[in-house]
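**Q** sequence and predicted model, in that order:
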Amino acid sequence: MLKRILLGAGAALLLAAPTASAQTRKKTKASAASKVVAAAPRPDRSDSLALRRLFDEALLRGESYENLRYLTGSIGPRLSGSPQAQTAVEWGKATMEKAGFDRVYLQPVMVPHWVRGGRERGEIVGNKGKEVKVPVCALGGSVGTGGKLKAGVVEVHSLEEVKNMPEAAVKGKFVFYNRPFNDALIEPGAAYGGAVDQRALGAIEAAKRGAVGALVRSMTSARDDNPHTGTMRYDEAVAKVPGAALSTNAADQLSQLLKANPDLQFELEMECITLPDEKSFNVVGEIKGSKFPNEIITVGGHLDSWDLAQGAHDDGTGCVQSMEALRLLRAAGFKPERTIRAVLFMNEENGTRGGNEYARLAQQNQETHVAAIESDGGGFTPRGFTLEADPATTAKIARWAPLFRPYHAADLLPGHSGTDIEPLEAAVHPKALIGYKCDSQRYFDIHHTSADTFDKVNRRELELGGASMAGLIYLLSKYGL
């Protein structure tokens, strides 16, 4: 989940002119971080050669791409609770066993079982009964419409706008959330974080004011006819109303027609339903540490995917890269000093239960985790890693940047790590949660849509990403934190 910090003018002023005590604390922390980094072993030429071996193995004999071909083509969509998700669990276990890891096992976890149903239809209906069909899809977890649901539409651009509108302006209508991405932002993830609240919470705020449903502009900068699904939430104290995504072209069309005719109506039909929870599994593979077997480095992606396509970039790529990172270390002849664990998490998309269960068991078993790495931003060209860590740990990892520079993956900067590893924070000391960072400019064009298919993945980009992850694991295993 992407995070934002909003600063008011007063807070900004304080930041611009810190007090003497704040300056002292900052200098003390910086001094402590410098001492820790200065005492840390510096990487040497053998590390540069080691990374070269890992990248050679990946580019010449990498297995990520063919593993992804099977996962997406032979298994396909893998929404939690579905038969395909269970098939993917069995495939993940068999693939890691075939790779010869020291231990492969399953962690049981109960997951939601939401089913989209067979019919999704949206139409704009004008005063004279003229109908304009538009692309729609149910948001994950939505209730169905119980047949055709027809009502007027009120367009808004924020949750606050709904809260402040007169109830009469909302009651009995669809609330249409039409806040687009901020395309001035360089990082698409930041634009996503600035818009996704209307998808997640829109139905709740609409229902509080008596609306019959929520229509949400898809979470993308792309202008096309692909509606984007994604999880939404309900509040048990508020009526559950349907939530649907409109493609960006459809959202623009509806907005234009509303300006010409505020009295038009929208007709929505969806057959989605939530069934009882199902038993599923995280899939875990390990290579035992040669010197410090009780110190663990976790690397993972989420095995589940939305049901509209094959779940290639989200997050088939992260799964195959995580398994490949371990295979690369073994194939290149390395014996990691610390235990390396690849985890295929279940249920990131609509519940995060796999990540929570993995963290719970880590705490219960009193495991010591050195670091956790997640790949869940697509399988595009590697750029480096984002770090959720204290200043000393961040500075120490950043010293490895020159080793990754020949592979254009030297960005080692503070940033969001990953949804599935965030619950593991209490088990990682010092805090070192790490996200694989790749070129994300195209990611939200296909994210959560029918376009997230195997043909959108480039083999070299994918294999380079797995090698980058293996390189970081090699350094973490050798030097620790």
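**A** Good, I have the coordinates.
**Q** what does the average pLDDT come to for stretch 52-62?
**A** Mean pLDDT, stretch 52-62: 98.
**Q** would you mind confirming that residue 343 makes contact with residue 325?
**A** No - Residue 343 is beyond contact range of residue 325, at 11.5 Å (criterion: C-beta atoms under 8 Å). (Each C-beta comes from the backbone N, C-alpha and C, glycine too.)
**Q** wasn't residue 476 part of a strand?
**A** No - counting by DSSP: H, G, I helix; E, B strand; the rest coil, one finds residue 476 to be helix, located in no strand.
**Q** for it, list the residues it contacts.
**A** Residue 476 makes contacts with 297, 338, 370-371, as judged by C-beta atoms under 8 Å, 6 or more residues apart in numbering.
**Q** 10 Å - rerun?
**A** Going by C-beta atoms under 10 Å, 6 or more residues apart in numbering, residue 476 touches 295, 297, 299, 336-338, 340, 370-371, 373, 397, 400, 432, 434.
**Q** which ones among those residues lie within strands?
**A** Here DSSP state E is the test, and the contacts of residue 476 give 295, 297, 299, 338, 340, 370-371, 373, 432, 434 as lying in strands.
**Q** for those, give me a markdown table that also has pLDDT.
**A** Putting these into a markdown table (pLDDT from 0 to 100) gives the following:
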| residue | pLDDT |
| --- | --- |
| 295 | 97 |
| 297 | 98 |
| 299 | 98 |
| 338 | 98 |
| 340 | 98 |
| 370 | 96 |
| 371 | 98 |
| 373 | 98 |
| 432 | 96 |
| 434 | 98 |
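**Q** possible to save the residues you listed as CSV with distance to residue 257 and neighbour count?
**A** Supplementary listing: those in CSV, determined by distance: C-beta to C-beta, whole Å; neighbours: other C-beta atoms under 10 Å:
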residue, distance to residue 257, neighbour count
295, 60, 19
297, 54, 28
299, 49, 29
338, 60, 26
340, 56, 28
370, 56, 23
371, 52, 29
373, 47, 27
432, 51, 24
434, 47, 29
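**Q** identify the farthest-apart pair in the residues you listed.
**A** The two members of the ones in strands among the contacts of residue 476 with the most space between them (C-beta to C-beta) are 295 and 434, at 15.7 Å.
**Q** show me where the stretch 51-200 of the chain dips below the pLDDT cut-off.
**A** Across the stretch 51-200 of the chain, nothing is flagged by pLDDT under 70.
**Q** quick one, strands of it?
**A** For the stretch 51-200 of the chain, applying DSSP state E, counting those that start in this stretch gives strands covering 103-115, 120-125, 131-134, 136-138, 149-156, 174-177.
**Q** my read: residue 232 touches residue 177, true?
**A** No - at 11.1 Å, residue 232 and residue 177 do not qualify as touching, with contact defined as C-beta atoms under 10 Å.
**Q** the two: which is more packed in?
**A** Neighbours were tallied for residue 232 and for residue 177 using other C-beta atoms under 10 Å; the higher tally belongs to residue 177 (29 against 24).
**Q** okay, and the beta partners of that one?
**A** With beta bridges defined as DSSP bridges, residue 177 has these partners: residue 156, residue 216.
**Q** any idea how far it is from residue 212?
**A** Taken as C-beta to C-beta, to the nearest Å, the spacing of residue 177 relative to residue 212 amounts to 15 Å.
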